[in-house]
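S.K.: return a 3D structure for these sequence lines:
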Amino acid sequence: MYRLLRAPLRPVTYSRWLHLCVPLLLLAIWMFVNPRWPWMPLLIVIPFGFVPWVRLAEGLQAQFLLTPHDRDRTDSVIGTAPSARWGDRWRTLLWLETRLVVAGVAMFATVVLPVMTVELVAIALGQPLTADPALPFTPTRWAAVLLAPVPLVVLVVVVVLLGEMITAIARRLLGPSAAERLSALEARTEQLLERTRIARELHDSIGHALTVAVVQAGAARAAGDPDFTDRALNAIEETGRAALEDLERVLLVLRESAQPPSQRPTLAEADRLLESARASGAAVDARLTGALEKLPGPVTREGYRILQEALTNVLRHCGPVPVRVRVEMATDRLDLEVTNPLPQRPTFTSGGGSGLRGMRERAALLGGEAETGPYEGGWRVFARLPLDRIR
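M.R.: Numbering: from 1, shown residues only. The predicted model follows:
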């Protein structure tokens, strides 16, 4: 009841009424041409139901007039795509036929009910009715005064109910098919994965840069050596510049800029990470074997990020301690290992931390695996990334 009382104040009521009136143009033209066959428009629209772009036009019209509050949403319940399969064409045909029938009912109510109100007003004023009145009976003069607004109220109710009904039918017949819903779900999944990857990129890159800067600044203050301070400032500057480049690339992706993003770092550039860790005071023993520049793109990029996060964790939790780095490229896999001794009060946990979880997720996305945890009295990060699946 409240919805009916509020309906005359809602703009969507009138936009739905307009949608109901659009097919009346075809009905009115045909009634002018041949009123003896009022059902003929139902046959005329049959060929149009099989035209793919008709579904697109009907979907756009339904979105703007029936569900205007949903038209800017990507998950709208009314589709706006051409018919791709015969199932879509049959549903479009059924929609056109149903729309004509509902429009006929709306036309009858829109014409007859106001005429009834006019006739009741005429009776109340003592005017004679026409030879063919719309009223099913002739009330008394005082009864006509009381009944005059009733047809208009019924008209509002009919328009609201027909609008609700045609909207529900549109959602059913013009809604996305199973294939379209699957495509939309895949696109949404890809978008979420991309956002997750960007968040991981920011965590790895910016986190690494900030960790190096903090460690370098603390070491320079403790050392009190101008030469060491100068080296520390150079390392902070280089790391910060690299982080700014990564941040700019990620922001370009977020803005969906037409400019191509700069190339993501690869394991061929691992020396930059190793030198940054050494400049922070860590004694890095690195051995990189194999033609790393020939690694597949996904493997070399994700491998770089795993190595970066592993070194960042060492500096963040253990400080400038000896670190052993082994990167070996085999025929069918890439092995990456980073080990370091633990401090007296280690803050590593084998299961927690977004960085540790991110390394495992990166490896899993490539079909590999990553292990993090205590190893021979220290801490080890070990990742094995397959190459045959990527190629």
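
S.K.: right, and the helix or strand after the host helix or strand of residue 207?
M.R.: Applying DSSP states H and E as the criterion places residue 207 in helix 178-223. The element immediately downstream of helix 178-223 (helix or strand, assigned by DSSP H and E) is helix 226-254.

S.K.: pLDDT below threshold where in the stretch 101-250 of the chain?
M.R.: By pLDDT under 70, the low-scoring segments of the stretch 101-250 of the chain are 179, 182-194, 197, 201, 246, 248-250.

S.K.: go with 50
M.R.: Within the stretch 101-250 of the chain, no stretch has pLDDT under 50.

S.K.: what score does residue 46 have for pLDDT?
M.R.: Predicted confidence (pLDDT) for residue 46: 90.

S.K.: now it: closest residue in space that isn't a chain neighbour?
M.R.: Spatial nearest neighbour of residue 46, chain neighbours left out: residue 93 (6.4 Å); criterion: CB to CB, 6 or more residues apart in numbering. All C-beta atoms are positioned from the backbone trio N, CA, C, and that covers glycine.

S.K.: strands along this structure, start to end?
M.R.: 284-289, 323-329, 333-341, 369-375, 378-386 (DSSP state E).

S.K.: can you list the strands that the first one pairs with?
M.R.: What that stands for is strand 284-289. Note on strand 284-289: by DSSP bridges, its sheet partners are strand 323-329 (parallel).

S.K.: put the alpha carbons of the strand it pairs with into CSV.
M.R.: Extracted C-alpha coordinates of strand 323-329, given in CSV (Å, rounded to 0.1, in the frame of the first residue of the first chain):
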residue,chain,number,x,y,z
VAL,A,323,72.5,-13.6,3.3
ARG,A,324,73.0,-16.5,0.9
VAL,A,325,71.2,-16.2,-2.5
ARG,A,326,71.0,-19.0,-5.0
VAL,A,327,69.2,-18.6,-8.3
GLU,A,328,69.5,-21.6,-10.6
MET,A,329,67.8,-22.0,-14.0
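
S.K.: chain center to it: distance?
M.R.: Remark: strand 323-329 is offset 39 Å from the chain centroid, using CA atoms, centre = their mean, to the nearest Å.

S.K.: now do it: everything it contacts.
M.R.: 267, 270, 274, 277, 282-292, 295, 303, 307, 311, 314, 334-340, 387 (CB atoms under 8 Å, 6 or more residues apart in numbering).

S.K.: mind checking how far the nearest residue to residue 343 once chain neighbours are set aside is from residue 273?
M.R.: Distances taken as CB to CB, 6+ apart put residue 318 closest to residue 343, at 5.2 Å, once the chain neighbours are dropped. Using CB to CB, to the nearest Å, residue 318 is found at 16 Å from residue 273.

S.K.: just the helices in the chain please.
M.R.: Ranges of helices in the chain, per DSSP state H, are 2-6, 11-21, 24-33, 40-44, 46-49, 52-65, 86-124, 141-147, 150-173, 178-223, 226-254, 270-279, 297-317, 354-365.

S.K.: wait, which of the ones you listed is closest to residue 79?
M.R.: Smallest distance to residue 79 across the helices of the chain (CB to CB): 5.2 Å, for helix 52-65.

S.K.: who does that closest one touch, helix- and strand-wise?
M.R.: The elements that helix 52-65 packs onto, with contact taken as 3 or more CB pairs under 8 Å, 6 or more residues apart in numbering; DSSP states H and E, are helix 11-21, helix 86-124.

S.K.: would you format the ones you listed as JSON lines with mean neighbour count included?
M.R.: JSON lines is the format used below for those (neighbours: other CB atoms under 10 Å):
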{"stretch": "helix 11-21", "mean neighbour count": "17"}
{"stretch": "helix 86-124", "mean neighbour count": "18"}
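
S.K.: those: which one's closest to residue 136?
M.R.: Closest of those to residue 136 is helix 86-124, at 9.0 Å (criterion: CB to CB).

S.K.: run the angle between that closest one and helix 24-33 for me.
M.R.: Going by axes from the mean of the first three to the mean of the last three CA atoms, to 10 degrees, helix 86-124 is angled at 70 degrees with respect to helix 24-33.

S.K.: distance from the chain centre to helix 86-124, please.
M.R.: 38 Å.

S.K.: what packs against it?
M.R.: With contacts taken as 3+ CB pairs under 8 Å, 6+ apart, helix 86-124 sits against helix 11-21, helix 24-33, helix 40-44, helix 46-49, helix 52-65, helix 141-147, helix 150-173.

S.K.: at 10 Å what do you get?
M.R.: helix 11-21, helix 24-33, helix 40-44, helix 46-49, helix 52-65, helix 141-147, helix 150-173, helix 178-223 (3 or more CB pairs under 10 Å, 6 or more residues apart in numbering; DSSP states H and E).

S.K.: so which of those helices comes closest to residue 121?
M.R.: helix 141-147 (7.5 Å).

S.K.: now the closest one: buried residues?
M.R.: With burial defined by 16 or more other CB atoms under 10 Å, the residues of helix 141-147 counted as buried are 144, 147.

S.K.: likewise for stretch 123-136?
M.R.: 123, 124, 134, 135.

S.K.: farthest pair in those residues?
M.R.: For the buried residues of stretch 123-136, the maximum inter-member distance is 15.5 Å, found between 124 and 134 (CB to CB).

S.K.: right, I'll leave it there.
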